[in-house]
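Engineer: Fold the stuff below for me.
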Amino acid sequence: MNFSINIVDSINKNSGIVTLTGKAPYRLTTTTKYGGFKGEQKIYNIKGSTSSKGRITIATIKIEASHATAREFIQAPSLSSKYNIKLIPKDIEEKTADYNDDRKYVYSYLFDVIYYNTVSVNKQDNAVASLVYKDSSVPTRIGGSLNFITSLTFGSYILNKGGETREIKVIGSSGATATLTIKDDNGDSILTDSLTNEITDSYSFTIDKSGVYSFTQFFPSIISKGTAVNGTMAASGGSATVIFDDLTGVKVGDKIMLTSSSDETASTVVTLLNPNGNNTNECTISPNLTAADNARVVFKRSRKYNINIETSSGLASSIPVTTPTYTLCQYRDPILTLKAEGSANYTITQFDGVATGLGSGTAHYHEKRYAGIAGFTSEQTTRFSRIKEIINFKYLLTGSGGKSFTSFTIPVFQNTITPELAANKGITSHWTNSMASLNGGTDVNINALSASTIGETTLLIEGTITINRWGIEDVTMALDLNELLTY
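Structural biologist: Numbers count the residues shown, from 1 in each chain. Prediction:
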């Protein structure tokens, strides 16, 4: 069976030194993508053929801490992949700290790169494994005493939207004391007393001879409220003002979803609480909601949790001295809205072959919404059938008021601000919010755009959108077709 594996090193996200060596008879090639830019990647492609259906060693990889200063690895490097590609440790190199202390720190790792060859994987399958590694400074003396609190570990800065339990470790010298707090974006503590199981403001502790103080912490989901509709909403067009059984804790910007629906694109957003000043359980929403009395709903919001540590024992230089010390983020599913602007000169009569129901001869727009997963690449969303990686779209335009189409200008699409654009302060994109660096991180390509006339008064515009990565915010990419048409 043939295989072609890409090991991707996002060198601006990782820190350390990587040496990857191919293992015969398999072939290794190395390329660089986005060289010199923030998203620069080094890509190691390993390809070959094997008759084995078990695990095979396709390369070795050595990951060292940077040489410039004394640096260490607090966590072992890893590979993130949905394919059967693993790192198997072969050797670990330790060094002794350069102060009067017998503490050793991990300086480098040597791994075998193992592939479990069960099916043929070719180049077009885009089998990717992402390297994850980060070194940090070894603590040094400050004012003649040691930095006793060496590091905090808690896993990824991104929390699962459904909630999860994390192990949090504070690493330091035996006898070091500290106080730790974890608060949500309302400023409320989420720590619980281990004996009473009640909320406590902080944990105060002394690190024992093991050098580690650890505990497990539960982070709740992005659901901030569950309640029910109080009164039937109009079946035709829904209602923009809704009364619920209880809105305690709800904020402007929260998304509302019927629990009977799993379609994230059907959610509405709270725009105003208690709009008339006479009912704290009433709010204004957009778009309108259609629901029966007592229909169950949930409110969702992206959340942040602040971890802060205070100590008189001293902090390592790698630990921020700002408050909060660390912030963990939890994001709801972002929505990408495609919006086409219309005018009195034409009507968008169909989208993807389905009638839009828009009236003719007036200014109007058509929009279509798609749900993603915050921070996920297209490779990561392939296992979720509800998430689209490629969107094919077609707009059918019909002239209004006797208008006939004479030409259509293919719109320019730009998703990054290149050095040339930055220097000229220009953004050459007909699509709004198309720059990933400005729209919350949603990175797409819009290509294969074309237009063809079906009779003088009818125009078909079609194209393809490829979603490279979902951002952390809702984003609307709008195209004013009227700017591109002549009649």
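Engineer: what mean pLDDT does stretch 327-347 have?
Structural biologist: Here stretch 327-347 scores 91 as its mean pLDDT.
Engineer: Mind listing what's buried along that stretch?
Structural biologist: The neighbour-count check on stretch 327-347 (16 or more other C-beta atoms under 10 Å) flags 328-336, 338-343, 345-347 as buried. All C-beta spots, glycine's among them, are computed from the backbone N, C-alpha and C.
Engineer: quick one: the helices in the protein?
Structural biologist: 378-381, 419-424 (DSSP state H).
Engineer: Of these, which shows the lowest average pLDDT?
Structural biologist: For these, the weakest mean pLDDT is recorded on helix 419-424, namely a mean of 50.
Engineer: Any stretches of the stretch 251-400 of the chain with poor pLDDT?
Structural biologist: 361-363 (pLDDT under 70).
Engineer: Which strand residues bridge Lys255?
Structural biologist: Val269, Lys300 (DSSP bridges).
Engineer: mind listing what it touches?
Structural biologist: By C-beta atoms under 8 Å, 6 or more residues apart in numbering, the contact list for Lys255 reads Ser267, Thr268, Val269, Val270, Phe299, Lys300, Arg301, Arg332.
Engineer: again, but for Asp185
Structural biologist: Arg303, Lys304, Tyr305.
Engineer: please redo it, this time with the cut-off set to 6 Å
Structural biologist: Residues in contact with Asp185 (C-beta atoms under 6 Å, 6 or more residues apart in numbering) are Arg303, Lys304.
Engineer: what's the neighbour count on Gly357?
Structural biologist: Other residues lying near Gly357 total 7 when counted by other C-beta atoms under 10 Å.
Engineer: care to break the chain down by domain?
Structural biologist: Each domain of the chain is listed here as a residue range: 2-135, 149-221+303-330, 223-300, 335-486, per automatic domain parsing.
Engineer: ok, Lys248 to Thr476 distance?
Structural biologist: No Lys there; residue 248 is Thr. 31 Å (C-beta to C-beta, to the nearest Å).
Engineer: Of the two, give the one with the bigger neighbour count.
Structural biologist: Thr476 (15 against 8).
Engineer: Just list whatever residues bridge to the more buried one.
Structural biologist: Thr337.
Engineer: Roughly how far does it sit from Gly238?
Structural biologist: The gap separating Thr476 from Gly238 is 20 Å, by C-beta to C-beta.
Engineer: Of the contacts of Lys255, keep whichever come out buried.
Structural biologist: Ser267, Thr268, Val270, Phe299, Lys300, Arg301, Arg332.
Engineer: unless I'm mixing things up, the fifth one is touching Arg332, no?
Structural biologist: Yes: counting by C-beta atoms under 6 Å, Lys300 sits close enough to Arg332 to count as a contact (4.8 Å).
Engineer: Can you pull the residues that touch both of these two?
Structural biologist: Common neighbours of Lys300 and Arg332 (C-beta under 6 Å, 6+ apart) are Ile222.
Engineer: related to what we said a few turns ago, for the buried ones among the contacts of Lys255, which one is nearest Gly359?
Structural biologist: Nearest to Gly359 out of the buried ones among the contacts of Lys255 is Thr268 (C-beta to C-beta; 23.6 Å).
Engineer: is it true that that closest one touches Thr284?
Structural biologist: No: counting by C-beta under 6 Å, Thr268 stays clear of Thr284, with 10.1 Å between them.
Engineer: In the sheet, which residues pair with Thr227? Tell me.
Structural biologist: Here Thr227, judged by DSSP bridges, has bridge partners Val297.
Engineer: Tell me how many other residues crowd it.
Structural biologist: Neighbour tally, Thr227, other C-beta under 10 Å: 17.
Engineer: from what I can see it touches Thr248, true?
Structural biologist: No: using C-beta under 6 Å, Thr227 is not in contact with Thr248; the gap is 8.8 Å.
Engineer: Send me stretch 479-487 as PDB with only the CA atoms.
Structural biologist: Backbone C-alpha positions of stretch 479-487 (Å, rounded to 0.1, in the frame of the first residue of the first chain) are rendered in PDB as follows:
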ATOM      1  CA  LEU A 479     -21.100  41.400  -2.200                       C
ATOM      2  CA  ASP A 480     -22.900  44.300  -3.800                       C
ATOM      3  CA  LEU A 481     -23.700  42.900  -7.200                       C
ATOM      4  CA  ASN A 482     -25.000  46.200  -8.400                       C
ATOM      5  CA  GLU A 483     -21.400  47.600  -8.400                       C
ATOM      6  CA  LEU A 484     -20.400  44.800 -10.900                       C
ATOM      7  CA  LEU A 485     -23.300  45.100 -13.400                       C
ATOM      8  CA  THR A 486     -24.100  47.300 -16.300                       C
ATOM      9  CA  TYR A 487     -27.400  47.400 -18.100                       C
END
